[in-house]
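# Fold the stuff below for me.
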Amino acid sequence: MIIARWNGIEIAKSDRTVIVEGNHYFPKEDVDRGFLEESTKHTTCPWKGVASYYTIAAGGRKNPDAAWYYPEPKAEATMIKDRIAFWKGVEVTEA
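Numbering: from 1, shown residues only. Next comes the predicted model:
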């Protein structure tokens, strides 16, 4: 079981993550999206496509652009469609 926490709060928990480039991508249904706010940030990966971001809001604090996902990944990255990954201080650990 893999758990993502930020500011002491569990944001995601899953035994179905996919690891790509060292990042755990959680199925979106295993992420508590009540802690996520849409961001305007987008970046492009040459092989995965255009990433969109969420700001995490938990425990009275915000962590801008700390979660990302690929709404329409390129063919080489279809394994991360409908999945969310974390960074910027989000602790992703095995339970």
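
# Leaving out chain neighbours, which residue sits closest to Arg16?
Nearest-residue entry for Arg16: Pro27, 5.4 Å, with adjacent residues in sequence omitted and distances by Cβ to Cβ, 6 or more residues apart in numbering. The way it works is simple: take the backbone N, C-alpha and C, and place the C-beta from them, glycine included.

# Correct me if wrong: that neighbour contacts Lys81.
No - using Cβ atoms under 8 Å, Pro27 and Lys81 do not qualify as a contacting pair, with a distance of 10.1 Å.

# For the residue nearest the centre of the chain, list the residues it contacts.
With the centre of the chain defined as its mean C-alpha position, the nearest residue by Cα atoms, centre = their mean is Ala85, 2.3 Å away. Residues in contact with Ala85 (Cβ atoms under 8 Å, 6 or more residues apart in numbering) are Val20, Asn23, His24, Tyr25, Phe26, Ala67, Trp68, Tyr69.

# can you pull up the bridge partners for it?
Trp68 (DSSP bridges).

# Looking at it now. What's its pLDDT?
pLDDT for Ala85: 98.

# per-residue pLDDT, Arg61?
Looking at Arg61, its pLDDT stands at 96.

# One more: Ala95?
For Ala95, pLDDT reads 89.

# Now do the same contact list for Met2.
Met isn't right for residue 2; it's Ile. Per Cβ under 8 Å, 6+ apart, neighbours of Ile2: Ala12, Lys13, Ser14, Asp15, Thr17, His24, Phe26, Val92, Thr93, Glu94, Ala95.

# what are the bridge partners for Lys13, then?
Ile3.

# hmm, back to that, now do the residue nearest to the centre of the chain against Glu10, distance only.
Relative to Glu10, Ala85 is positioned 16 Å away (Cβ to Cβ, to the nearest Å).
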